[in-house]
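Peer 1: got a structure for you, letters missing:
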């Protein structure tokens, strides 16, 4: 008889799933790091959203990869628990070195445990949606390969787009990618930024002013999905009220099956600053 597989699902703190969502599916989270002038913190564990925005008023911290020992310690724990297969979904390799670092650590465990590495080519609840897709597939009895294929298929139909009040944080953090540095400041032109198929930021559209940019995101979602059934999340950086208004608008014009609103994790907020609004959606398979 084939050996019974014991499967663990791992992601990182950029997934923007709540602690409750992670716990409900027994998903393990590795923290990226926030490096300040005089201290260093594990994202979401040692520094929360409120503390981060407070910090941003005094300095612009840097973001860093997870501690290698945090990854090794988790893998050791899973091995001790009898896990045979681990599915590890990471923030886009186009935006962070996390995937490549974890892959190198995972090589030391091959032979003891099957570690399936997945580069999400996404982030925030775009990554989170893929993690949930894997968790639900495993709970329904799929093997790791099938579960991963479902997540990759979801990524193909995913649109993850954002508008931010200022590009200053993205530029300072070196994450500006293919988003044009802005003629926009003078004219108040706001780019609608999306994560392209290569997992890097690119400009999807432009609008004059923050409100118009949020409205343009709604139009882009309608253009992409029409009345097809979708799952959708709205993410925000210290902008809960605006996020709720945006979600209400989306519910009026789209055929949404599941939806939730999430604050972006501190490690992402460093690159966007306060006032981020984002829409992440995908077809329901």
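Peer 2: That came through, no problem. Here the structure is a predicted model, which is why all the values come from computation and not from measurement.
Peer 1: continuing past the helix or strand residue 241 falls within, what's the next helix or strand?
Peer 2: Residue 241 belongs to helix 240-253 when assigned by DSSP states H and E. Next along the chain after helix 240-253, taking DSSP H and E as the criterion, comes strand 255-263.
Peer 1: sorry, back to before: buried ones in the helix holding residue 241, by neighbour count?
Peer 2: Of the residues in helix 240-253, 242-243, 246-247, 249-250 count as buried by neighbour count, 16 or more other CB atoms under 10 Å. No exception for glycine: its C-beta is placed from N, CA and C like everyone else's.
Peer 1: again, but for stretch 259-278
Peer 2: For stretch 259-278, using 16+ other CB under 10 Å, the buried residues are 260, 262-274, 276-278.
Peer 1: Might you calculate how far stretch 27-41 sits from the centre of the chain?
Peer 2: Relative to the centre of its chain, stretch 27-41 is centred 16 Å away, using CA atoms, centre = their mean, to the nearest Å.
Peer 1: got the end-to-end distance for it?
Peer 2: Stretch 27-41 has an end-to-end distance of 21 Å (CA to CA, to the nearest Å).
Peer 1: which of the residues in it are buried?
Peer 2: Using 16+ other CB under 10 Å as the test for burial, stretch 27-41 gives 27-34, 41.
Peer 1: does residue 218 sit in a helix, a strand or a coil?
Peer 2: helix (DSSP: H, G, I helix; E, B strand; the rest coil).
Peer 1: Now do the same contact list for it.
Peer 2: 246, 249-250, 253, 279 (CB atoms under 8 Å, 6 or more residues apart in numbering).
Peer 1: how about low-confidence regions in the stretch 1-150 of the chain?
Peer 2: Applying pLDDT under 70 to the stretch 1-150 of the chain picks out residues 1-3.
Peer 1: Same check on the stretch 151-285 of the chain?
Peer 2: Scanning the stretch 151-285 of the chain for pLDDT under 70 picks out the ranges 173-187.
Peer 1: Endpoint to endpoint, stretch 71-90 covers what distance?
Peer 2: Start-to-end, stretch 71-90 (CA to CA) is 12 Å.
Peer 1: mind listing the helices for the stretch 51-200 of the chain?
Peer 2: Remark: helices assigned in the stretch 51-200 of the chain by DSSP state H, counting those that start in this stretch are 68-80, 98-107, 124-139, 144-156, 168-172, 184-187.
Peer 1: Ok, which of the ones you listed comes nearest residue 14?
Peer 2: helix 124-139 (6.2 Å; CB to CB).
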